[in-house]
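Trainee: coords below, sequence missing:
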């Protein structure tokens, strides 16, 4: 039989089988039943949901005639008391807290664009006097936030950590009703004592000192029960045959991750206590850069860096795909990956088809139980899971009947048009 005929017949049969599938009951088992419809993609994950420490939250958004949203969440294997390392996902609340703190200091004359300089005054600290990736050549909270939101820059996170202070960051989040534990800088091996102390810093504009902050010290770290995971870890190139201690690592549950994301996407729908004190300009700044792609970014010059691609920080729906993301799709999210954990916390929209939903997920890919050995199954287990899960929920939303189509104009932004040919030519001529 002709190959083309066979292909067409297969597609027709697939469509018939899909049409004959009973409608899913939208109850507490919705996510597991959705995944069961794609056994080739999800059978292993369903069978090993606890071993792989999988948690998923899918939140449907229902609009009324005035475009007002209400929410309905579906959960899979979610347990806020089960520890996973949150990696870079902690950077979103740090950005929000930094912008809020600036608003509380507005009488000093500083804002997110004011140059900020850091001074090393304690063990393990690093001074900062310039930022060559910024158009001005000077560091600022805005530029640090931009680098965090677009490519999840670790040093940028650490600079916000210095500005906020360990104690203040934790206390403010707790007062807002979020149960986070933010105890350390990222990608820097520092002691608990070094992490308790933050750098002195000062804001200067046009040679005028507007605000200075001395070193902050946290003399009270709340104790938590021991968090031990795995069977061993690498230390100084040697295997230590005992569980790895996460007790003094950051903690950020998936439930709180989606709550904080919702607080910035839909602030009017969360209790006042859970909101961040941001201006509308701040909120728009965060949303724009959360959804901006590296390929659309000139400062820093990610557009000319082959390390970055559209889906560099868009795990859900795209995994590690290198192809361009369709123009009608925008993902407002924050990802994390470290110690074998892969996390994405996202609000996904399709402007063309009127689709929007929230999806948050975590999976552990450290299948040998050894930490710090660099042998994590991101490619085999993590990225395929995130890609297929995002596509699964997106396709379900695409087919879902909606009484009122959402007006998504409030999250539609103009992004920089980066002419890479011109940039390459300019670099060659320099």
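Mentor: Perfect, thanks for sending it. All values derive from a computational prediction rather than experimental measurement. Numbers count the residues shown, from 1 in each chain.

Trainee: The closest residue to residue 109 other than its chain neighbours: what secondary structure?
Mentor: In space, residue 109 comes closest to residue 210 once its chain neighbours are excluded; the distance is 4.8 Å by Cβ to Cβ, 6 or more residues apart in numbering. Placement of C-beta: from N, CA and C, glycine included. Applying DSSP: H, G, I helix; E, B strand; the rest coil to residue 210 yields a three-state assignment of strand.

Trainee: now residue 210: how far from residue 76?
Mentor: Distance of residue 210 to residue 76, computed by Cβ to Cβ, to the nearest Å: 49 Å.

Trainee: Same question for residue 133.
Mentor: Counting by Cβ to Cβ - residue 133 and residue 76 are separated by 39 Å.

Trainee: Please say which of those two ends up with more neighbours.
Mentor: Shown here are residue 133 and residue 76; by other Cβ atoms under 10 Å, residue 76 has more neighbours (21 against 16).

Trainee: which residues of the stretch 301-430 of the chain score low on pLDDT?
Mentor: Scanning the stretch 301-430 of the chain for pLDDT under 70 picks out 418-430.

Trainee: Okay, helices next: where are they in it?
Mentor: In the stretch 301-430 of the chain, the helices defined using DSSP state H, counting those that start in this stretch lie at 315-318, 383-399, 420-429.

Trainee: Quick one: list the elements packing against the shortest one.
Mentor: Identification of packing neighbours for helix 315-318 by 3 or more Cβ pairs under 8 Å, 6 or more residues apart in numbering; DSSP states H and E yields strand 329-338, strand 341-350, helix 383-399.

Trainee: Sheet-wise, list the partners of the second one with their directions.
Mentor: Taking DSSP bridges as the criterion, strand 341-350 forms sheet pairs with strand 329-338 (antiparallel), strand 355-364 (antiparallel).

Trainee: from those strands, which stretch is densest packed?
Mentor: When the strands paired with strand 341-350 are scored by mean count of other Cβ atoms under 10 Å, the highest mean neighbour count falls to strand 355-364 (a mean of 25).

Trainee: from the middle of its chain, how far away would it be?
Mentor: Between the mean C-alpha location of strand 355-364 and the chain-wide mean there is a distance of 11 Å, by Cα atoms, centre = their mean, to the nearest Å.

Trainee: Kindly report the same for stretch 154-166.
Mentor: 16 Å.

Trainee: do stretch 380-397 as well
Mentor: Taking Cα atoms, centre = their mean, the mean C-alpha location of stretch 380-397 is offset from the chain mean by 16 Å.

Trainee: buried sites along it?
Mentor: Along stretch 380-397, the positions that meet the burial threshold by neighbour count (16 or more other Cβ atoms under 10 Å) are 381-394, 396-397.

Trainee: and what of stretch 202-218?
Mentor: For stretch 202-218, the neighbour count (16+ other Cβ under 10 Å) marks 202, 203, 204, 210, 211, 213, 215, 216, 218 as buried.

Trainee: doesn't residue 166 make contact with the last one?
Mentor: I take that to be residue 218. Yes. Under the criterion of Cβ atoms under 8 Å, residue 218 makes contact with residue 166 at 4.2 Å.

Trainee: shared neighbours, those two?
Mentor: Overlap between the neighbourhoods of residue 218 and residue 166 consists of residue 196, taking contacts as Cβ atoms under 8 Å, 6 or more residues apart in numbering.

Trainee: Look at the spatially closest residue to residue 265 that is not a sequence neighbour and say how many residues are nearby.
Mentor: Of all residues beyond its chain neighbours, the one nearest residue 265 is residue 347 (5.0 Å), with distances taken as Cβ to Cβ, 6+ apart. Other residues near residue 347 come to 25 when the count uses other Cβ under 10 Å.

Trainee: could you list every residue that touches residue 347?
Mentor: Under the criterion of Cβ under 8 Å, 6+ apart, the contact partners of residue 347 comprise 261, 262, 265, 331, 332, 333, 356, 357, 358.

Trainee: Try it again at 7 Å.
Mentor: For residue 347, the contact set (Cβ atoms under 7 Å, 6 or more residues apart in numbering) comprises 261, 265, 332, 333, 358.

Trainee: Could you do residue 102 as well?
Mentor: Contact analysis of residue 102 by Cβ under 7 Å, 6+ apart lists 110, 111, 112, 141.

Trainee: among the residues you listed, who's most crowded?
Mentor: Highest count within the contacts of residue 102 by other Cβ under 10 Å belongs to residue 141, 24 neighbours.

Trainee: one step back: what's the closest of the buried residues of stretch 380-397 to residue 70?
Mentor: residue 397 (15.4 Å; Cβ to Cβ).

Trainee: Look up how far residue 319 lies from the closest one.
Mentor: Counting by Cβ to Cβ, the separation of residue 397 from residue 319 is 19 Å.

Trainee: and if you look at residue 205?
Mentor: The spacing between residue 205 and residue 319, counted by Cβ to Cβ, is 43 Å.

Trainee: Let's verify residue 116: helix, strand, or coil?
Mentor: Judged by three-state DSSP, the three-state class of residue 116 is strand.

Trainee: wait, it sits on residue 139?
Mentor: Yes. Contact criterion Cβ atoms under 7 Å: residue 116 and residue 139 qualify, at 5.6 Å.

Trainee: Between these two, which has more neighbouring residues?
Mentor: A count of neighbours by other Cβ under 10 Å puts residue 116 above the other of residue 116 and residue 139, at 28 against 22.

Trainee: Lovely, talk soon.
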